[in-house]
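Engineer: Quick one: sequence plus predicted model below, questions after.
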Amino acid sequence: MPDANSSSPIAPTASSRLWTAGASGGLAAAVLLGVAAVNPDQAPWLVTGAVVVALATWLVSRPGPTPVASSLAAPGPVALTGAAVPVMGAPSLLEAAVEALIDPLLVVSGGEPDDIAGRRVVMANRAARDLLRLSREGALLVSVLRDPTVLEAVDEALFGGVARSVAWAAAGTQARHWQAQVRPLPAIDDRRLALVVLRDETDVRRMELMRVDFLANASHELRTPLASLAGFIETLKGHARDDPKARDRFLDIMGAQAERMSRLVADLLSLSRIELNEHIPPSGRLDLTRAVADVVDALSVLTHERGVRVAVSAQDGVRIRGERDEILQVVQNLMDNAVKYSPREGVVTVEVHSGLTLEKAMGAWFEGASRLPLLTPDRDEAVRYAAVVVRDAGPGLAREHLPRLTERFYRVEGQKSGDRPGTGLGLAIVKHIVNRHRGGLSVESVPGQGAVFTAFFPMAEAPPPRTGMGPAL
């Protein structure tokens, strides 16, 4: 039966090796002592040689470190209860587990409390590298996490051993809300360490805001039509009960108010749903030119009733990254506004451009107009955009109204009319959809000459950039 301390059943045990080496060394020492007894003149040298042989034999054959200690010192499988398991210190298992974590994780080191530049990221998993755009280890913490509350929590963990959880809102076009959990770690080589784990709470915050905004907006906007309905019902129960003409007129007004409430609730629900998923980029692909053509066909009844002609100029096969239903909603809202505010016999122009850089997409399409970007995406030189440009022939907008066009329920004074029904949520919906698609939105207008709205989206396949700006409308 092999020795329990032996790593191999056929390897000699420590005691057997000691016995073999001891016997050989003892025999050599005995021979030297025997020769010293026969030759007294050489006895000192021979006795010294015997001592050296005995000492060397002991040093060579003495027991080494125990197999358990040696196995812990070097990574590799350790025999535990008959099964080979990897050592916890092995980098493959630990690194794979950290890399697979969904939550971003950082390990931060610190030198002196007064040395802000000494706080550095010594380790970051894949989720943290993707979120914070870390290209390598050793990045300055202050350049990665610029929130003073998070930096203060890291300092308390490094130099005070205090664990904290703080809220952090990531900068960027898409608002992200995180809970930063900071914990102190044992020091290694006189380096103070702290663990930072980021937990995404964007969905929770958006759900809370959605409920609050929906209740506030719905209660405010529904108050007027509900009051009108209540008043007409009371009138119909009273002196207008026996008046057929008044009854029919009041019922028509009540029907219009009920339709207004229905549109309002539908738009509020749509806006809340879009805001809830605004931080999630779309995964679909669609043909933008075909989407514009479908919207033009859907609005043909409205354009015929108002006597407005729609002129479309678009390239074929312009593909973008996006959800088809939401892109259709963007184009429809922009065209619906253009048709409603254009005079009879007016022309609404719709153009689709592709292969645009960010500067070209945000550039001027209406000469001499007041221009304002309503939404600007994060800058990426490698991204090319496809733009939908919608121009109306309406009364236009004064410059002071442009910054507030995407606010909820905002309407320009002087353009609130019963023949232009709307909820005031169309452009707010457009902005949030474009923001979810990582695109941009801009408006240009000249009072008395109309307005131009431009919505652009990242292309699915970026073609080489074209030279020159797009044509002015």
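Structural biologist: In hand now; what should we look at?
Engineer: any low-confidence regions in the stretch 151-300 of the chain?
Structural biologist: Applying pLDDT under 70 to the stretch 151-300 of the chain picks out residues 171-175, 210, 213-215, 217-218, 220-221.
Engineer: What are the boundaries of the strands in it?
Structural biologist: In the stretch 151-300 of the chain, the strands defined using DSSP state E, counting those that start in this stretch lie at 164-170, 176-188, 191-200, 285-287.
Engineer: Of the ones you listed, flag the one that's most buried.
Structural biologist: strand 191-200 (a mean of 19; mean count of other CB atoms under 10 Å). (Each C-beta comes from the backbone N, C-alpha and C, glycine too.)
Engineer: List the strands paired with that one, with their directions.
Structural biologist: Next to strand 191-200 in the sheet, as set by DSSP bridges, lie strand 105-110 (antiparallel), strand 176-188 (antiparallel).
Engineer: tell me the mean pLDDT for stretch 317-333?
Structural biologist: For stretch 317-333, mean pLDDT rounds to 92.
Engineer: circling back to that earlier point, turn the strands of the stretch 151-300 of the chain into CSV, including distance to residue 370.
Structural biologist: Shown next, in CSV, are the strands of the stretch 151-300 of the chain (distance: least, CB to CB, whole Å):
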stretch, distance to residue 370
strand 164-170, 32
strand 176-188, 33
strand 191-200, 39
strand 285-287, 32
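Engineer: To residue 95, which of those strands lies closest?
Structural biologist: Shortest distance between residue 95 and the strands of the stretch 151-300 of the chain, using CB to CB, is found for strand 191-200: 15.6 Å.
Engineer: from the middle of its chain, how far away would the closest one be?
Structural biologist: How far strand 191-200 lies from its chain's middle: 19 Å, per CA atoms, centre = their mean, to the nearest Å.
Engineer: who's in contact with that strand?
Structural biologist: 103-111, 122, 128, 131, 145, 150, 154, 157-159, 168, 176-187 (CB atoms under 8 Å, 6 or more residues apart in numbering).
Engineer: That strand vs strand 164-170, what angle?
Structural biologist: In terms of direction (axes from the mean of the first three to the mean of the last three CA atoms, to 10 degrees), strand 191-200 departs from strand 164-170 by 60 degrees.
Engineer: export strand 191-200 as PDB, just CAs?
Structural biologist: C-alpha atoms of strand 191-200 as PDB (Å, rounded to 0.1, in the frame of the first residue of the first chain):
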ATOM      1  CA  ARG A 191      -1.100  48.700  -1.100                       C
ATOM      2  CA  ARG A 192      -4.500  49.600   0.200                       C
ATOM      3  CA  LEU A 193      -7.300  48.000  -1.900                       C
ATOM      4  CA  ALA A 194     -11.000  48.600  -2.200                       C
ATOM      5  CA  LEU A 195     -13.700  46.800  -4.200                       C
ATOM      6  CA  VAL A 196     -16.300  48.700  -6.200                       C
ATOM      7  CA  VAL A 197     -19.400  46.900  -7.500                       C
ATOM      8  CA  LEU A 198     -21.900  48.800  -9.700                       C
ATOM      9  CA  ARG A 199     -25.500  47.600  -9.800                       C
ATOM     10  CA  ASP A 200     -27.800  48.900 -12.500                       C
END
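Engineer: Show me the longest helix that occurs in the chain.
Structural biologist: Secondary structure of the chain per DSSP state H: the longest helix is helix 202-237.
Engineer: that older thread, of all the strands of the stretch 151-300 of the chain, which lies closest to residue 444?
Structural biologist: Nearest to residue 444, of all the strands of the stretch 151-300 of the chain, is strand 285-287, at 26.1 Å by CB to CB.
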